[in-house]
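K.L.:
Structure of the sequence below:
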Amino acid sequence: MSGPRHVAVAAAALELDLPPLVAAFARRLHEAGLPMTPERTARFASALALARPVARTRLYWTARAVLVSDPSQVKAFDAVFFTVFGGLTERPAPPPEDAPWAPAPPDEREAAPRREAGAEGVAAGPPSPVHGTGARGREPEREVPVPVAASDEERLRGKRFDALEPGELAQLYKLMARLEIATPKRRTRRADRARRGEHVDLRRTLRGALRTGGDPSRLARRRRRVVPRRIVLLCDISGSMEPYARAYLQFLACARQAEAFVFATRLTRITRALATRSPERAIQRAAAAAPDWSSGTRIGEALRAFNDRHGRRGMARGAVIVIISDGWERGEPELVAREMQRLSRLAYRIVWVNPRASASGFAPRVGGMAAALPHIDALVSGHSLEALGEVAEAIAAERTRKLDAPEEQEEDEPWASATPVAGSSVAMPSGYGPSRGRTTPGW
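P.N.:
The predicted structure is shown next:
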């Protein structure tokens, strides 16, 4: 079948039976490894209805602009496109001299020398007119960037968790599953066999000496095991963290082999509740296990419960602790500071994830956040999927020095203070004095 006739047949097929053709083409692209979604397939069908691709060139660029979201997908897309819609069998006729110059795609320029040498096959790109300059040579060709529609993945990566719609949480879970959360390594007290170990294994050496008449001709060695550190996640599910809670629960579910806790007014362990393959089921079980969902915030009491029940019993010893909270504390900030100090003595590293840290002009001066700041190693935002990459980097980092406490800004009083100062001549009220054992708070 010739080229023009084949294009006419394809155009007629598009007009007569468009939905099955689009669905079959999308299925072939999905089998080739391209991320195809129902939304993207419907967008491609709408684009074909608007663009009216009467030629293979227009059909190619329309499909590529809608269905290709990354330059690495062009090769697989070209292979599927020319398999479905056919390829070039002869070199296109050169354009007239007064035709406007248009650069050929990179694949077309690479395939042109092979067709001139007589190679037979399917071209790797759509036809495009190329303007020649005669015997004097060719002008340098420039690559024209092809506009590509933003994919759902790119849009979700930069979208804040508090702006997500319910239907986007399932897509977010699939993207979160790609995150690789790796903790630093630690050496255990147990040892394994090693050819060049740092210690001599006396038991194996003496057992091997029995084969040589009691002469230990070969020393057996051993080396201490190196394993990843434990990761413990504590997530705030109070009312102020409600817009972010479900997204962070999915993050807890994606963190394999990690201990997970949630807290608002009390501490609840949800490690077993998240041990399921279904993200919806995991969130339902976690919400059912936490009776204080979307209530007040008691960070200090939750940290004290964790230190007393789990931390000092070995769970936090040498582990990486990740606390997800905005730092709004309804209790005493002194309790938060005291329990964070206890936790920092046990843990290897403490990472605090505050989604409000991404706001411009943010300063950790809230009561709970300011009290915990001198005892944490890293403060990150984690307000979107893209920002969770910084959280993963902070978890995998080695131990560093603690953060500095926020500087207190002294405000000048608009008038002179009336608080008595020691050594001043301010008269004390009747009934107050050192002789009676009662003094004012300023003394």
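
K.L.:
From Gly318, how far off is Leu29?
P.N.:
Applying CB to CB, to the nearest Å, the value for Leu29 to Gly318 is 48 Å. For every residue, glycine as well, the C-beta is placed using N, CA and C.

K.L.:
okay, those two: which has more neighbours?
P.N.:
Regarding Leu29 and Gly318, a neighbour count based on other CB atoms under 10 Å identifies Leu29 as having more, with 25 against 14.

K.L.:
That one is in what secondary structure piece?
P.N.:
Under the criterion DSSP states H and E, the helix or strand holding Leu29 is helix 18-31.

K.L.:
buried residues in that helix?
P.N.:
Buried residues in helix 18-31, defined by neighbour count with 16 or more other CB atoms under 10 Å: 21-22, 25-26, 28-29.

K.L.:
Tell me how far stretch 34-50 lies from the chain's centre.
P.N.:
How far stretch 34-50 lies from its chain's middle: 27 Å, per CA atoms, centre = their mean, to the nearest Å.

K.L.:
average pLDDT for that stretch?
P.N.:
With pLDDT averaged residue by residue, stretch 34-50 scores 83.

K.L.:
who's in contact with it?
P.N.:
With CB atoms under 8 Å, 6 or more residues apart in numbering as the contact definition, stretch 34-50 has outside contacts at 14, 18-19, 22-23, 25-27, 29-30, 59, 62-63, 65-69, 73, 76-77, 80, 149, 151-153.

K.L.:
Can you tell me, leaving aside adjacent residues, what's nearest to Gly367?
P.N.:
Pro333 (4.1 Å; CB to CB, 6 or more residues apart in numbering).

K.L.:
just Asp162 next, same as before
P.N.:
The shortest distance from Asp162 to any non-neighbouring residue, by CB to CB, 6+ apart, is to Pro243 (3.4 Å).

K.L.:
ok, now how distant is that neighbour from Arg187?
P.N.:
Distance of Pro243 to Arg187, given as CB to CB: 41 Å.

K.L.:
okay, the two: which has more neighbours?
P.N.:
Summary of the neighbour comparison: Pro243 and Arg187, criterion other CB under 10 Å, with Pro243 having more neighbours (14 against 11).

K.L.:
Distance of the more buried one relative to Ile237?
P.N.:
If you measure Pro243 against Ile237 using CB to CB, the figure is 11 Å.

K.L.:
Equivalent analysis for Ala316, please.
P.N.:
As judged by CB to CB, Ala316 and Ile237 stand 20 Å apart.

K.L.:
Have a look at the two and say which one is more surrounded.
P.N.:
When Ala316 and Ile237 are compared for neighbours, Ile237 comes out ahead with 27 against 24, by other CB under 10 Å.

K.L.:
Just to check, that one is in contact with Phe261?
P.N.:
No - assessed by CB atoms under 8 Å, Ile237 is found out of contact with Phe261, at 10.2 Å.

K.L.:
could you say what helices and strands the helix holding Leu29 packs with?
P.N.:
Under the contact criterion of 3 or more CB pairs under 8 Å, 6 or more residues apart in numbering; DSSP states H and E, helix 18-31 touches helix 38-51, helix 56-67, helix 74-85.

K.L.:
redo that, cut-off 7 Å
P.N.:
In this structure, helix 18-31 packs against helix 38-51, helix 74-85, with contacts taken as 3 or more CB pairs under 7 Å, 6 or more residues apart in numbering; DSSP states H and E.

K.L.:
Out of these, flag the one nearest Glu198.
P.N.:
helix 74-85 (49.2 Å; CB to CB).

K.L.:
And Arg52, how close does it get to Ala24?
P.N.:
Following CB to CB, the distance that separates Arg52 from Ala24 is 20 Å.

K.L.:
Output the strand or helix carrying Arg155 in CSV with nothing but the alpha carbons.
P.N.:
Here Arg155, judged by DSSP H and E, is contained in helix 152-158. Extracted in CSV, the C-alpha atoms of helix 152-158 (Å, rounded to 0.1, in the frame of the first residue of the first chain):
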residue,chain,number,x,y,z
ASP,A,152,-0.1,13.9,36.4
GLU,A,153,3.1,12.8,38.1
GLU,A,154,4.8,16.1,37.6
ARG,A,155,1.7,17.9,38.8
LEU,A,156,1.4,15.8,42.0
ARG,A,157,5.0,16.1,42.8
GLY,A,158,4.7,19.9,43.4
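
K.L.:
Just the buried residues of that helix, please?
P.N.:
Neighbour counts over helix 152-158 (16+ other CB under 10 Å) mark 153, 156-157 as buried.

K.L.:
Low-confidence regions, the stretch 151-300 of the chain specifically.
P.N.:
For the stretch 151-300 of the chain, applying pLDDT under 70 flags the ranges 151.

K.L.:
Now do the helices in it.
P.N.:
Shown for the stretch 151-300 of the chain, the helices assigned by DSSP state H, counting those that start in this stretch span residues 152-158, 168-176, 202-209, 242-254, 279-289, 299-306.

K.L.:
Redo these as JSON lines? Include distance to Arg356.
P.N.:
Written out in JSON lines, the entries for the helices of the stretch 151-300 of the chain read as follows (distance: least, CB to CB, whole Å):
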{"stretch": "helix 152-158", "distance to Arg356": "17"}
{"stretch": "helix 168-176", "distance to Arg356": "20"}
{"stretch": "helix 202-209", "distance to Arg356": "57"}
{"stretch": "helix 242-254", "distance to Arg356": "10"}
{"stretch": "helix 279-289", "distance to Arg356": "23"}
{"stretch": "helix 299-306", "distance to Arg356": "15"}
